[in-house]
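*Asks:* Can you look at this prediction? I've put the sequence above it.
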Amino acid sequence: MRRANPGGTWEILLPGHTAIGHHWRFMATFLSLETLPVELIASVFAELDILSLRRASETCARLRAVASDALLNPWRSPILRALAQHSPVELKHISVLSTIPRQNWIDILCYASPEFLLFDATLPNLSEEQYKIAFRKRFLPSWAKIWKSGSWREAFLKCVE
């Protein structure tokens, strides 16, 4: 609906909107970041590349909380896509990011090339249990005798060599 104003201007009145004096009141529902389900945000994050996901997770506290949630784990898909490349450059210094759940490092240790793990990657401080899981996922069960009650990290790196 259109109506003329004094001075030759026109106001357009749309359905769902009302004009009150000189002010407009919009009868619309606005969608905010706080009302979106975290599962939806995590699904969108999972489609991003690592650099974009890193930037998005640094924009506000809510996005940082979603990105660092170990159950939602939006980092898994971008990390697996990066590991499919021969030389995953974007994974080089990923250990310094605090928003990445540690469980992703088990996947990196299991699927990354030995050259990447030994020469390019900055490995984080993982627990012995996490190195044990990575060792058992990457190597044959008979290789576990290399452990000999020492450090699982040491056994893992020895077998990668």
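*Replies:* Received, thanks. Because the structure is a prediction, the values reported are computed rather than measured.
*Asks:* need the longest helix for the chain.
*Replies:* If you go by DSSP state H, the chain has its longest helix at helix 128-138.
*Asks:* Skip ahead from the helix or strand of the chain with the lowest mean pLDDT and say which helix or strand is next.
*Replies:* Every helix and strand in the chain was compared by mean pLDDT, DSSP states H and E; the lowest is strand 23-26, with a mean of 49. Toward the C-terminus, strand 23-26 is succeeded by helix 38-46 as the next helix or strand (DSSP states H and E).
*Asks:* Pull out the buried residues from that following helix.
*Replies:* Using 16 or more other CB atoms under 10 Å as the test for burial, helix 38-46 gives 41-42, 45-46. All C-beta atoms are positioned from the backbone trio N, CA, C, and that covers glycine.
*Asks:* Could you do stretch 131-148 as well?
*Replies:* By neighbour count on 16+ other CB under 10 Å, the buried set for stretch 131-148 is 131-135, 138-139, 147.
*Asks:* This structure: strands as residue ranges?
*Replies:* In the chain, the strands defined using DSSP state E lie at 2-4, 10-12, 17-20, 23-26.
*Asks:* For the ones you listed, which has the smallest mean pLDDT value?
*Replies:* Among the strands of the chain, strand 23-26 carries the lowest mean pLDDT, at a mean of 49.
*Asks:* And for stretch 95-104, what's in contact with it?
*Replies:* By CB atoms under 8 Å, 6 or more residues apart in numbering, the surrounding residues in contact with stretch 95-104 are 54, 57, 64, 67-70, 73, 75-76, 79, 94, 105, 121-124, 126, 130.
*Asks:* make it 7 Å
*Replies:* 54, 57, 64, 67-68, 70, 73, 75-76, 79, 94, 122-124, 126, 130 (CB atoms under 7 Å, 6 or more residues apart in numbering).
*Asks:* What subset of these is buried?
*Replies:* Here, 16+ other CB under 10 Å leaves 54, 57, 67-68, 73, 75-76, 79, 94, 126, 130 buried among the contacts of stretch 95-104.
*Asks:* Redo those residues as CSV? Include distance to residue 152.
*Replies:* Shown next, in CSV, are the buried ones among the contacts of stretch 95-104 (distance: CB to CB, whole Å):
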residue, distance to residue 152
54, 29
57, 30
67, 28
68, 25
73, 23
75, 23
76, 23
79, 21
94, 21
126, 9
130, 8
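*Asks:* With pLDDT added, can I get these in a markdown table?
*Replies:* A markdown table is the format used below for the buried ones among the contacts of stretch 95-104 (pLDDT from 0 to 100):
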| residue | pLDDT |
| --- | --- |
| 54 | 94 |
| 57 | 93 |
| 67 | 95 |
| 68 | 94 |
| 73 | 94 |
| 75 | 96 |
| 76 | 95 |
| 79 | 93 |
| 94 | 87 |
| 126 | 90 |
| 130 | 93 |
